[in-house]
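**Q** Predicted coordinates and the sequence they were generated for:
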Amino acid sequence: MTTLHRRALDEIGDCLDKVSGEDVEAALAEIATAGRIALYGVGREGLAIKGLAMRLFHLGLKAAMVGDMTTPPVGPGDLLIVSAGPGDFSTVSALIGVARAAGARTLVVTAEPEGQAAAKADRVLTVPAQTMARDQSAGATSVLPMGSLYEGALYVLFEILILGLRDRLGVTPAQMRANHTNLE
């Protein structure tokens with residue numbers, strides 16, 4: 001058990017070490033200046049994106065998950081953030097098209113920067129990790145199954161983004177906590 005968890009944590013750390021600081025700064029700028037932020041992801045990537053949406057809300061930003069009944073429309077000045085670890089999903093591509101047609105900017109988080117979703121985005125944040133697109137290839141080396149390395153790295157990276165936004169926006173931990181639900 002100890003060897004497996006140490007290897008998994010090392011893999012996540014190695015992955016995050018390879019994320020471009022310039023890409024992170026560009027993503028932070030996009031998020032910090034957005035009027036409204038809509039977020040979308042499928043499967044376990046979607047769970048990580050939901051965590052990011054919640055933390056953006058805790059920061060006081062107007063953030064909502066695509067598909068929720070309370071998600072507002074996007075337009076100029078707004079941002080759509082999507083995760084497409086393996087490079088593309090049909091729903092992701094469709095949403096990028098809708099958002100761009102409405103004048104919103106788009107940020108794609110992916111392990112495949114040459115993928116179809118990234119090609120359509122205004123900004124790309126590359127998380128160089130194994131996903132299901134490559135888990136059966138000769139280069140697959142993660143101890144974690146399928147796309148778990150990407151998904152785990154997303155969770156940690158999104159928390160790091162929140163820390164950067166918190167500092168950039170001047171939000172205190174107490175202010176974030178005040179935005180946390182009391183209906184648990």
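**A** Arrived safely.
**Q** and the longest helix anywhere in the chain, average pLDDT?
**A** Counting by DSSP state H, the longest helix found in the chain is helix 148-169. Mean per-residue pLDDT for helix 148-169: 95.
**Q** ditto for stretch 62-72
**A** The average pLDDT within stretch 62-72 is 96.
**Q** So which bits of it are buried?
**A** A63, A64, M65, V66, T71 (16 or more other C-beta atoms under 10 Å). C-beta coordinates here come from the backbone N, C-alpha and C atoms, glycine included.
**Q** just to revisit the earlier point, what's next to the next helix or strand after the longest helix of the chain, contact-wise?
**A** Per DSSP states H and E, the first helix or strand lying C-terminal to helix 148-169 is helix 173-178. With contact meaning C-beta atoms under 8 Å, 6 or more residues apart in numbering, helix 173-178 is reached by R55, H58, L59, G60, R166.
**Q** Also stretch 146-157?
**A** Residues contacting stretch 146-157 (C-beta under 8 Å, 6+ apart): 8, 11-12, 15-16, 19, 43-45, 47-49, 51, 83, 85-86, 109, 111, 127, 129-132, 135, 142, 144.
**Q** Repeat the analysis, applying 6 Å as the threshold.
**A** Applying C-beta atoms under 6 Å, 6 or more residues apart in numbering, the contact partners of stretch 146-157 are 11-12, 15-16, 44, 48, 85, 111, 127, 129-132, 135, 142.
**Q** Which parts of the protein are helices?
**A** With helices called from DSSP H, the chain shows them at 2-17, 21-33, 43-58, 90-101, 116-120, 148-169, 173-178.
**Q** Lovely, talk soon.
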